[in-house]
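Enquirer: I need the structure of the sequence given here:
(2 chains)
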Amino acid sequence: MDRRAELEGRTRYEAAEVEGRIFAGWRDDGLFDADPAIPGEPFCIQLPPPNVTGSLHMGHALNGTVQDLLIRWRRMEGRNVLWQPGTDHAGIATQMVVERELAKEGLSRHDLGRDAFVERVWAWKEQTGSTIIEQYKRLGASMDYGRERFTMDADYARAVQDVFVALHAKGWIYRDEYLVNWSVPLATAISDLEVEHRDVDDALYEVAYPVEGGGEIVIATVRPVTILADVAIAVHPDDERYRDLVGRMATVPLVGRQVPVIADERVEIGFGTGALKITPGHDPTDFEIGRDHGLETLSAIGLDGRLTDLVPEWEGLDAEEGHARAVERLRETGALRAEHPYRHSVGFCSRSGARIEPLVSLQWFCRMDELAAPAIDVVKSGQVRFHPERMAKIYLDWMEAIRPWCVSRQLWWGHRLPVWFAPDGSYVVQVDRPEGDGWEQSTDVLDTWFSSALWPYATLGWPERTPSLERWYPGNVLVTGRDIINLWVARMIMTGIEFAGGIPFTDVYINSTIQAADGRRMSKSLGTGVDPLELIDRYGADATRYGLLKMCSTQDVRFAEGMIDEGRGLANKLFNATRLVLLNADPEARPAPNGLEAADRWILDRLAATIAEVTADFAAYRFSQATKALYAFVWNEFCDWYLEAIKARLYGDDAASKRAASETALLVIERTLALLHPVMPFVTEELWAYLPERAGPLARAPFPSADGLPRDPVAAAAVDAVIEAVQGARRLRQDADLGPRHPLSAVLAGDDDGALAAERALLDALGAITLVVQPEPGPAVPLPAGRATLHVQGAELADKLRGRLERRLAEARAEQAKAQGKLGNAKFVERAPAEVVAEERERAERFGRDAAELEAQLAALGGD
RNA sequence: GGGCGGUUAGCUCAGCUGGUCAGAGCACCUGCUUUACACGCAGGGGGUCGGGGGUUCGAGCCCCUCACCGCCCA
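Expert: From the prediction side, this is the model:
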């Protein structure tokens, strides 16, 4: 049934009225459902699982748009696609959210106890956990929603435990008492990657330690309170100043402890006084030095952030109070020798924002060297490629200096370690509770990233060899943000190689980070966030997608709402262009490359070029360039020129000409809708249904190919010549106040290939220009490109035209001078390639000719 | 402290291997109720491509250097 008449009154594309219906259509059609049994080369993208607490922000929107573009494109190419969705349990983040909920009831998680709290988190997850996945639907994301996974699903959890047990069996996971990044408010260790470094203004204190046998040694510290836990003084072995003191004992102020003066190359001679107090319990470098020198580790600050009973009279003070008291006492005793303002970099907990307290505690670590080695190779050898390429450096730099990963967290929400303690304190590592009584499972949970590291295969049923795993592992492209290259991407590659038999994907596309319009980070707390759902409400999903793709590049970008508005304009333009054709085309016409006239051959040529360009852009992740090419084709070439060119034919009586225009226009629309579909799925799908004889949804239609579309350089050149002539005529009319359709006559000059002569009908249709042999007397203006001189009737126009001609003359002379200048340079003529010189010569001649002609016309106008 | 990226029209950005590359969208100005679209049509103004130096016949495009902005790592 032909529904064209429905379009009659719809002069605007109203996204809000269309998108819900179109999305439901895709769902009912089963478009999203992936089936491993379907033939076709597989193509798989794993959605980076958003935090289960999350809601869609601009980063997700861009990330999702890129993935949907790739998925839709490959689906149309006939690939058997899977876009795997799901969410991450996000240990710390989720625990914090639920604790905040509890706080509203005046409760803490400790009031509930661990089991009840975890139950509460599950309840919260069941209620609100899929919010963000629902939000992806607004964007048009064509992922397989039926396959949604969660990193704490039972079988997923089992996979996580298996991996832990396997890594332990290899000896790579081990338990150790080590200095870790401790987040006091969260009361847990966190990994190096969860620490953010920021510059802080502190004071640097110089403190004197008396040395045995007389004299003293002055050290510099920013944390005098840790003096309580000093176990040595270290100097550089080459430091002449202190050479005599090495080996003697010094007295620690405040506590009077006797500690040795040692030599170690890790001490920086130039920093502070060159002498370093060694506090293995509270500083990473000191910890290393302490271990190497067999020093004791003392803890002045405990896991609760308060001073320990190491010095009983200080016990219970918080770190800040301890700091103040230490400074005060040092000052009183005269040990404090100097105090300087000092700006330095300090670690903060990325979750709580608290200053990291480096503390010693018993944790589980995973040594990474063996896992990293093959994962470095696959990137270096190009088996896994980063886009843009330079992002591989972030990965390699970190991987090549990789350190053990602290995988245990003292949280309640997460994967409990598969570690079982006997009453005597011994333990076994296995998934199931051991036989017998008294076994207690470890109360620690795993770092969230430990479980997300398994995402590409655990979502597909690993360790079972499921049909989905066989079909879609490895996947193809990972689309993600730069900030989690090491946190997540690296770990997926490492565990994928170790456990799933190979790399999890071949390409990693790092999408831009979108900043707020003022260049700051886009964040809710700063008030700089822009809600993508609100943009979808206001502009439509297609416009939002278009704008995000247009914005994104190989670097960070500032959010520019104008680009989304541009997308809305494009959707509307496309909608109306399609209306024009459908409402005026020959009803019998079907899409066909009917190149009856030059204009038809020209637009088919442009369409073929656009298809080639866009396809290449998609393949190279140049999404911004693709949107640009699509926009220029739809708006400037198809609407501004082709549709204007064929209007007269569509409305006219020449049946063959009307038929050709109709068939060509329908073909262009058909291919354009398909080409644009991965970017703007809704409006293209909506319009597709109005094309004659549509069997299925556009989302399942083949992606257009430039093959079979006739390229026609001759027609392209002819129409380009007409366009130049028409634009020249428009400028002339505007300058001369003539009105847009004021008739002009043109005398050919330099139309050597006969392009204008052949297209006189088109010249007339588009530009109201009549070709004549013998011009009427009157003002005349040459076209910029040569080819013709435009003549205007009416000598009273002389004054209006003079200014224009003079301007054109100046331009022509300037260009001519520029070209002649180059040609006058002997070295240029000698060394530049022949074709460049020839081109320059041609320019000089052309502009010289134009200038001469303009001078003649100015003379003919009379006056001064 | 080490590294990466950026600085092009009022704004947000394109400019691939150096030679019509000085561009787009928005904003601005001037005309248009031209029977697809005023979320429109046509025309126009506007930038010594961050500063300085260098290589080259020729440099936003290559090299050096400085300044500023952003990010990553330690």
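
Enquirer: pLDDT below threshold where in the stretch 551-700 of chain A?
Expert: Of all residues in the stretch 551-700 of chain A, none has pLDDT under 70.

Enquirer: Would you map the helices across it?
Expert: A:561-584, A:598-619, A:623-631, A:644-651, A:655-676, A:681-688 (DSSP state H, counting those that start in this stretch).

Enquirer: how about these in a markdown table, adding mean neighbour count?
Expert: The C-beta positions use only the backbone N, C-alpha and C, and glycine is treated the same way. Formatted as a markdown table, those follow (neighbours: other CB atoms under 10 Å):
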| stretch | mean neighbour count |
| --- | --- |
| helix A:561-584 | 20 |
| helix A:598-619 | 22 |
| helix A:623-631 | 22 |
| helix A:644-651 | 19 |
| helix A:655-676 | 22 |
| helix A:681-688 | 25 |
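
Enquirer: And those helices: which comes nearest RNA strand B?
Expert: helix A:561-584 (3.3 Å; CB to the nearest atom of the strand).

Enquirer: between the closest one and helix A:681-688, how many degrees?
Expert: Relative orientation of helix A:561-584 and helix A:681-688, computed by axes from the mean of the first three to the mean of the last three CA atoms, to 10 degrees: 10 degrees.

Enquirer: Return the list of helices and strands in contact with helix A:561-584.
Expert: If you count contacts as 3 or more CB pairs under 8 Å, 6 or more residues apart in numbering; DSSP states H and E, helix A:561-584 packs onto helix A:532-539, helix A:541-551, helix A:623-631, helix A:644-651, helix A:655-676, helix A:681-688.

Enquirer: switch the cut-off to 7 Å
Expert: helix A:532-539, helix A:541-551, helix A:655-676, helix A:681-688 (3 or more CB pairs under 7 Å, 6 or more residues apart in numbering; DSSP states H and E).

Enquirer: Can you add distance to residue A:321 and give the helices of the stretch 551-700 of chain A back as CSV?
Expert: CSV is the format used below for the helices of the stretch 551-700 of chain A (distance: least, CB to CB, whole Å):
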stretch, distance to residue A:321
helix A:561-584, 49
helix A:598-619, 60
helix A:623-631, 55
helix A:644-651, 79
helix A:655-676, 65
helix A:681-688, 60
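
Enquirer: Could I get those in CSV, plus columns for distance to RNA strand B?
Expert: Shown next, in CSV, are these (distance: least, CB to the nearest atom of the strand, whole Å):
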stretch, distance to RNA strand B
helix A:561-584, 3
helix A:598-619, 10
helix A:623-631, 6
helix A:644-651, 6
helix A:655-676, 11
helix A:681-688, 11
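
Enquirer: Show me which residues of the stretch 751-864 of chain A are close to RNA strand B?
Expert: Within the stretch 751-864 of chain A, the positions near RNA strand B by CB under 7 Å from any atom of the strand are A:825, A:827-828, A:831-833, A:836, A:839, A:843.

Enquirer: if we can go back for a sec, could you redo the helices and strands packed on helix A:561-584 as TSV and give each row distance to residue A:85?
Expert: As requested, these are arranged in TSV below (distance: least, CB to CB, whole Å):
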stretch	distance to residue A:85
helix A:532-539	17
helix A:541-551	17
helix A:655-676	24
helix A:681-688	17
